[in-house]
Structure formats: structure tokens, C-alpha cells
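S.K.: curious how this folds, go ahead:
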Amino acid sequence: MINRIVLAFSALALLVPVSAAAQTPTAPAAATAEAKADIVHVRLDTAKGPILLALDRGRAPLTVANFLRYVDARRYDGISFYRAMPYGEGNGLIQAGITKDARLLFPPIAHEPSSKTGIKHEPGTILLANAGPGTGRSEFFITLGAIPFGEDFAPFGKVVEGMEVVKAIFASPVDPDKGAGPMKGQMLSPQVLIRTTRTVTP
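M.R.: Numbering: from 1, shown residues only. Have a look, this model is predicted:
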């Protein structure tokens, strides 16, 4: 009888570490989960179709927090993509932001350049526009291709679905007479409405 109890206890003792080990996440799995938690998805519902963005909160926390502040406050609802800037053959960007009511703008934020975040300027990158470091607010770009912006603008995410929509917006008609200085001939006519912007779980 005693032998049976000892054997049973020994068998149970062998099972406990195996069970505990099975429930303990491995380091790579934990790192993957942490990386996913640092990505926030936002869906832009535009007049030409949806665009899904993956924002890198882990590497560009200030810029992503700024963008999400506008999203959560519904201040991007009803704005438009109003500019398509060409950059070389088949490349360029589209631009949107709050342009009609300055009361909807939040204070500007500190600049997070690519050299600080490590986020590259690649096709489908979303960047916070500015008029100089520390002036970025609501305006943003989405690129068609890799554009060497250097340190001028803050990349903070990328398009993961809907690049065909980005390209369709870029290919929309422009007014050759609208726009000042280098922006002349880049103003979309009509502008492309962004109906809503919402955080989503893909």
C-alpha cells in the first residue's frame, strides 16, 4: 500500500513541472504578443473605398497617440484627401487633414523622425506632415512608393489593406489652377471624402 502511494506521488511530481512548463509562454511567443500589442489598426472609410492602417505605437508613441486622439474624438470624420503630389514616375503621395476649422486642432507635438523610430519611408507609409519640427498636428500623408523624405516628416505606420484605394485617390482629377507655389496643380477636384476613421480589430 505504502509503495503504491509513493509511486503515485512520484508520478504526480513528474507531471507538475511538465504542466507548468506547458503553461509558461516561451520568450519568442511573449515578444510576438508584445509586438502585436504595440500595433494599432485604424480603418479609413473613404468615398473610394476602405484603407486599413497599422500604426506602430511601440516605435512612434507620440505620433500615434496624436493621430489616435483625432480618431477617437471623431475629428477626422468628414475631412478629405485634398492633395495628390507626384514624385517621379508612378510615385507620389496623397494628403489629408483638418483644413476648415482650426478649433478642431489639438496642440502640435514633438517631432519623431525616422532616425529615432527606425520606421522607414516605404510604399504605403503614413507620415505626419508639418511645417518644421514640433509643428505636426492633424495633417498626414500616405505614400505610393518609397520617397526619401529624410528627417522632415514623421513616419508612424503603413497601409496593410487598400493600397488600390490609395492609388485610386492619387489618380483622381486635379485642378491645374488651384494651389499655391509648389502645390499648384496638386489639389484634387473634387476632394475625396473620408467618411469615418475608427480603430478596429482586424
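
S.K.: show me which parts of the longest strand that the chain contains are buried, residue by residue.
M.R.: With secondary structure taken from DSSP state E, the chain has its longest strand at strand 187-200. Buried residues in strand 187-200, counting neighbours by 16 or more other CB atoms under 10 Å, are found at 187-188, 191-192, 194, 197. For glycine as for every other residue, the C-beta is placed from the backbone atoms N, C-alpha and C.

S.K.: so what touches that strand?
M.R.: For strand 187-200, contacts defined as CB atoms under 8 Å, 6 or more residues apart in numbering pick out 40-48, 52, 68, 70-72, 74, 76-84, 96, 169, 172-175, 178-179.

S.K.: list buried residues within those.
M.R.: Buried among the contacts of strand 187-200 (16+ other CB under 10 Å): 40-44, 46-48, 52, 68, 70-71, 76, 79-84, 96, 169, 172, 174, 179.

S.K.: show the pLDDT at Q23.
M.R.: At Q23, the pLDDT value in this model is 44.

S.K.: let me fix that, I meant to ask about V16.
M.R.: The per-residue pLDDT reported for V16 equals 34.

S.K.: can you check S172 too?
M.R.: Looking at S172, the pLDDT reads 98.

S.K.: do G150 as well
M.R.: On the pLDDT scale, G150 gets 79.

S.K.: ends of stretch 149-168, what's the gap?
M.R.: Between the opening and closing residues of stretch 149-168 lies a distance of 23 Å (CA to CA, to the nearest Å).

S.K.: walk me through the domains of this protein.
M.R.: Per automatic domain parsing, the structural domains of the chain span 1-37, 39-200.

S.K.: what sits against K120?
M.R.: Contacts for K120 (CB under 8 Å, 6+ apart) come out as 114, 146, 155.

S.K.: state whether the first one and E122 are indeed in contact, as I suppose.
M.R.: If I follow you right, that is S114. No: here S114 does not reach E122: they are 10.6 Å apart, not a contact under CB atoms under 8 Å.

S.K.: of the two, which one has the most company?
M.R.: S114 (21 against 13; other CB atoms under 10 Å).

S.K.: next up, the contacts around that one.
M.R.: By CB under 8 Å, 6+ apart, the residues touching S114 are 120-121, 149-151, 154-155.

S.K.: which of the residues you listed count as buried?
M.R.: 121, 149, 154-155.

S.K.: CSV please, covering those and showing secondary structure and distance to A102.
M.R.: Output for the buried ones among the contacts of S114, formatted as CSV (DSSP: H, G, I helix; E, B strand; the rest coil; distance: CB to CB, whole Å):
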residue, secondary structure, distance to A102
H121, coil, 29
F149, coil, 25
A154, strand, 21
P155, strand, 25
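
S.K.: where is pLDDT lowest across the residues you listed?
M.R.: Ranking the buried ones among the contacts of S114 by pLDDT puts F149 at the bottom, with 82.

S.K.: could you say which helix or strand holds V165?
M.R.: V165 is part of helix 163-170 when elements are defined by DSSP states H and E.

S.K.: quick one: list the elements packing against that helix.
M.R.: strand 49-56, strand 80-86, strand 92-97 (3 or more CB pairs under 8 Å, 6 or more residues apart in numbering; DSSP states H and E).
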